[in-house]
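Visitor: need a structure here:
(2 chains)
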Amino acid sequence: MSQVDVHRGENPRILFFFWIIIAATLVLLVGLGWRQLVASRKYEEIEKRQTERRILNPGPRGDIYDRKGNLLVGNRAHYSAVVYLDDLRPEFRREYANIIRAERTRLQEEYQSTPQADQPQEPPIPDYYQLQWTARENVIQRYIDEINRITGRDDSLSMNKIIRHFNEQLLLPLPLVEDLNPDQYARLVEQVPVDSPIKVHTGTARYYPYGTAAAHTLGYVQNVTPDPSEFPDDGIKTFTFKKKVGKTGLERSFNELLSGIAGTELWRVDPLGFQDTRLEMVAPQQGGDLITSIDIDLQLAAETALGERKGAAVAIDIKTGEVLTMASHPSFDLNDLSPYIPRATFDDINERGAWLNRAVQLSYPPGSTFKLLTTIAGMRANTIGPETQHDCQGVYRVGNRIFRCHARYGHGVVDTAAAIEGSCNVYYYAEGLRMGIDVLSAEAMRFGLDQKTGIELPYETSRIVVPTKSWKREQVGAGWVPGDTANTAIGQGFLLVTPLQMASFMASLARGETRTQPTLLALSPEEAGKVAHGGEPIGLSRENWLAIWEGMQRVVGTDGTGRLVQIDGLRIAGKTGTADFRAHGEEVNLAWFIGCAPVEDPQIAVAVMVEGSSAADSYHGGSTAGPVAKDIFLQFIEEYPERAGFPSAE
Amino acid sequence: MANRRLDKFKPLVALGVFLVAWWVVPIGVKAFLKASFSEFQAPAWVASSYLEDLEGFWARRMHSKRELELAGQEIARAKSYYQFNAQRAETLQAEIRRLEAILDLPSRREYRYEVARVIRRDLSAWWQHLILRKGRDYDIPNGAAVVFSGGVVGRVVEVNAFTSRVELISSPNFRMAAQFEGDPRPVVYEGVPQSGFGDPVGRVSDAPQDLMANSNDPLQLVSTHLGGTFPPGLSIGEVVWLEPGSTGIFQAGEVALDPDLLSLHEVAVLIPLNPIEIESDAP
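Guide: Below is the predicted model of the structure:
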């Protein structure tokens, strides 16, 4: 019997400690019971979260088609060689051991060869942390060398990339070599043993069968790391592959539709974070498809006709507002931007000024094509009639300034139709001044030329100007002068519009209405029959209306400024325009053509604008932009002969 | 009693010691032992196959003269047919070489065919090998393609002095680049563990989404020249169904291989010719 037992019952101090120990034991037991019986579920959850990792695999994007079902944007296989770091762990260890051994020997020899006086007290020790990374890099580079041997490439991986992958994406495969071509992919598949740590990974990259065609309209995608806020909020650490996000064009506007649904893999990992067992897998799903209003054959015709010149061409279905063609040059091959944009490609596109969609992102003075609107404004204000005449002597005096007509010796006496046909500036200087800027601006606004079209494309420019007196006062800080009105009447001066706006204007005019709502989405026959463009009827008398159409047809007649657009068997109405303006301190010549066909029942409206930046360039609406429009009309006849009033090929 | 109980564990102890010893043996020694083992077995397999041939010979000797005459005539007919085809093929090859020379095109890879007898089949769920009765003595290289009249057989994975081992196309360790007939896009063909019953099968993956296969209109999987081992257009098998793979865009499916694959008696090894050999053949 111990001393404590003997005195326990009587010694209050021992009793006191006895009860404290009992109480503490009870507290521990209750705590243990609480954690084991009541809070066990909570701890299981925590344990689960600590050992589970989720991998998100973004779904492939949907395809984009033209109105006839031709694939415009799809997905192609993107081959890469990857390695799961988990598979390399034994090799990392072996390499590390070898390196450590070699390093110790080296340091020892160095230490012994150092003179006694200079020797530190202890031999230096290796930098274990650095050697660990060196070992990993060596192993990984050996596999890359093996891939290079098979594929004939010369790839390597930076230490930084390896470290970043280890620290941030340990569970994901480390890409060793990316963007293998089919030949290299096939050779790897055959020559890398099935049980090698090197895996040939097949992902997807955007693929553009028509290369440069409609590049700005379709847009491109960029690989981004998804925002962590998109991850499920259940405490499980989530890794993710990069996903593709639309950056421009339809890819951006319809990003939500085109984006696929991410697949998930749930892994149990070991204490070091390497994958152990796959617990769950849900395959990713492809995004929705988009059917556009673009007709790729018309698009290609426009692109070919534009050639190497800067400019834009837009063709619109007059009835529905569907955009059949939207070309902008200079362009770029979208395939060069997939799966990623190389720096050199980016710089090249930048240097050529090819990023911008000239159909919607830049605005220009419309030149003489605006005279149609001036005519309508005058007719509605009763200052112009079919018989209104002016004697053009080649010049027109406004105050102290002489304004010139493009016909050096004048057009002589011209009525409205002849003024449109010959694009007589003098006629429009006089009529513009007679009706005044208020009338002219109000009519342009009635046609929506001061507003964005609202087409389903991002970055439509807001730098569109229908000048008014108040606008000039606010923006330029000067009062309105008659010369401004004269300039505006011929589509120059402060006026700025986009080629898409002019195509919409032409479509509106062809339908006898003031608005056309352009769209890049293909409409079903039911939808096409119910399109509401907004706006109102133009409101011209029949005589006035016929005078405008007569003038527009004479433009594309034998003596008209747009005679190069003539096509046998197709009645085309149009207007040419030539304008000058300064951009970035440089004089730019603009050649315009807007038109529609067939006159009997207009189906297609076209607007073409070509930029000429050199002073030596001779750019005229009829001879420069006209032939582009002609090629679009010709292709329209080939694609839709019945709508063009031609017998069907069938 | 205790000694007797310990005696029971002797085999296990011996096995443990052997495994530990094998584990510590250097890799070079292991490779040497493995090669030696194959070489050691080879004479027995070769002798056995010659005996089989002899047995076949004597079995045919038992046929009547009339039967042998008929068989001889049949062989003569077949021979003249093949000789005609061979001549035509030679003419076509000469024409191809001439056109390549005119157009300055890189020459297609040419092969020498070495016909070899199958002397042993090593078939299991985890590996599927054939042993051929030709090896280094016929300059058979490692990695060479092996074919038969029905298409691809496999790839040479081990070459010994007088034998070589072929990884069958149905083996889970076999993988090659392939394509569907008429479609240039490469896909991956892989062998899978075989059930042991039924015809051999494989698996195709990375098939483009626009391809459709069904039992009435199966897709033909053929070899592609892209991988560099096989000439293009050799039959691999038929694909009767494709389903979405794990990527969400590419498809995967089962490949029905030629049932004769597991009972072949003779195959042809394709030995790549180097450019000098091809030049010397040129007309």
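Visitor: mind telling me which residue of the stretch 51-200 of chain B is nearest chain A?
Guide: residue B:177 (3.3 Å; C-beta to the nearest C-beta). To be clear about C-beta, it is placed using only N, CA and C from the backbone, and glycine gets the same treatment.
Visitor: what secondary structure does that residue sit in?
Guide: When classified by DSSP: H, G, I helix; E, B strand; the rest coil, residue B:177 comes out as strand.
Visitor: where does the residue nearest to it when sequence neighbours are not counted land on pLDDT?
Guide: Nearest non-adjacent residue to residue B:177, counting by C-beta to C-beta, 6 or more residues apart in numbering or on different chains: residue A:186, 3.3 Å away. Residue A:186 is assigned 91 on the pLDDT scale.
Visitor: residues contacting the residue of the stretch 51-200 of chain B closest to chain A?
Guide: Residue B:177 makes contact with A:185-187, A:189-190, B:186-189, B:224, B:226-227 under the criterion C-beta atoms under 8 Å, 6 or more residues apart in numbering or on different chains.
Visitor: re earlier: what packs against the host helix or strand of the residue nearest to residue B:177?
Guide: Using DSSP states H and E, residue A:186 falls within helix A:182-191. Contact here means 3 or more C-beta pairs under 8 Å, 6 or more residues apart in numbering or on different chains; DSSP states H and E; on that basis helix A:182-191 packs against strand A:71-83, helix A:128-151, strand A:198-207, strand B:175-180, strand B:186-191.
Visitor: please repeat the previous calculation with a cut-off of 10 Å.
Guide: Contact analysis of helix A:182-191 by 3 or more C-beta pairs under 10 Å, 6 or more residues apart in numbering or on different chains; DSSP states H and E lists strand A:71-83, helix A:128-151, strand A:174-180, strand A:198-207, strand B:175-180, strand B:186-191 as its packing neighbours.
Visitor: those: which one's closest to residue A:431?
Guide: strand A:71-83 (44.8 Å; C-beta to C-beta).
Visitor: next structured bit after the closest one?
Guide: helix A:89-113.
Visitor: and the contacts of that next one?
Guide: Helix A:89-113 is contacted from outside by A:85, A:88, A:119-120, A:122-128, A:130-140, A:142-143, A:197, A:270, A:272, A:274, using C-beta atoms under 10 Å, 6 or more residues apart in numbering or on different chains.
Visitor: biggest strand in chain B, by residue count?
Guide: Among the segments of chain B that qualify as a strand by DSSP state E, the longest is strand B:111-123.
Visitor: what average pLDDT does it get?
Guide: 91.
Visitor: check the offset of it from the chain's centre.
Guide: 7 Å (C-alpha atoms, centre = their mean, to the nearest Å).
Visitor: now swap in stretch A:23-40 and tell me
Guide: The answer for stretch A:23-40 is 61 Å, by C-alpha atoms, centre = their mean.
Visitor: show me the contacts for the residue nearest to residue B:177.
Guide: A:79, A:180, A:200, B:176-179, B:186-188, B:224-229.
Visitor: surely residue A:229 forms part of a helix?
Guide: Yes. Residue A:229 forms part of a helix when assessed by three-state DSSP.
Visitor: not counting sequence-adjacent ones, nearest residue to the most centrally placed residue in chain A?
Guide: The structure's chain A has its C-alpha centroid closest to residue A:248; by C-alpha atoms, centre = their mean the separation is 1.5 Å. Nearest non-adjacent residue to residue A:248, counting by C-beta to C-beta, 6+ apart: residue A:219, 3.8 Å away.
Visitor: counting neighbours, what do you get for residue 96?
Guide: Picked chain A for this. 19 (other C-beta atoms under 10 Å in any protein chain shown).
Visitor: that answer is for a different chain, and I need it for chain B
Guide: Residue B:96 has 14 nearby residues by other C-beta under 10 Å.
Visitor: which residues pair with residue B:221 across the strands?
Guide: Residue B:221 has the following beta-bridge partners by DSSP bridges: residue B:180, residue B:237.
Visitor: so it makes contact with residue B:186?
Guide: No. Residue B:221 is beyond contact range of residue B:186, at 11.4 Å (criterion: C-beta atoms under 10 Å).
Visitor: hmm, back to that, and the residue nearest to residue B:177, how far from residue A:375?
Guide: 65 Å (C-beta to C-beta, to the nearest Å).
Visitor: can you count the residues close to residue A:536?
Guide: 9.
Visitor: in stretch A:172-188, which residues are buried?
Guide: A:172-178, A:180, A:182-188 (16 or more other C-beta atoms under 10 Å in any protein chain shown).
Visitor: go on, stretch A:526-539?
Guide: For stretch A:526-539, using 16+ other C-beta under 10 Å, the buried residues are A:533, A:535, A:538.
Visitor: contact partners for the residue in the stretch 351-500 of chain A that chain B sits nearest to?
Guide: Nearest residue of the stretch 351-500 of chain A to chain B: residue A:456, at 25.2 Å (C-beta to the nearest C-beta). For residue A:456, the contact set (C-beta under 10 Å, 6+ apart) comprises A:217, A:249-250, A:252-254, A:290, A:292-293, A:323, A:518-521.
Visitor: quick one: the residue of the stretch 501-650 of chain A found nearest chain B from residue A:295, how far?
Guide: At 20.5 Å from chain B, residue A:522 is the closest residue in the stretch 501-650 of chain A, using C-beta to the nearest C-beta. Using C-beta to C-beta, residue A:522 is found at 10 Å from residue A:295.
Visitor: count of neighbours near residue A:221?
Guide: 26.
Visitor: mind checking pLDDT for it?
Guide: So, for residue A:221, pLDDT stands at 95.
Visitor: got a list of what it touches?
Guide: A:61, A:73, A:205-206, A:243-249, A:251-252, A:255, A:258-259, A:334, A:337-340.
Visitor: mind checking which of those residues land in helices?
Guide: If you go by DSSP state H, the contacts of residue A:221 have A:249, A:251-252, A:255, A:258 in helices.
Visitor: can you lay out those residues as CSV showing distance to residue A:598, pLDDT and neighbour count?
Guide: Output for the ones in helices among the contacts of residue A:221, formatted as CSV (distance: C-beta to C-beta, whole Å; pLDDT from 0 to 100; neighbours: other C-beta atoms under 10 Å in any protein chain shown):
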residue, distance to residue A:598, pLDDT, neighbour count
A:249, 31, 96, 26
A:251, 35, 96, 26
A:252, 36, 96, 19
A:255, 39, 95, 18
A:258, 37, 95, 25
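Visitor: filter those by proximity to chain B?
Guide: Counting by C-beta under 10 Å from any C-beta of the partner chain, nothing from those sits close to chain B.
Visitor: and the residues you listed, which is closest to residue A:382?
Guide: Using C-beta to C-beta, the ones in helices among the contacts of residue A:221 come closest to residue A:382 at residue A:249, 44.7 Å.
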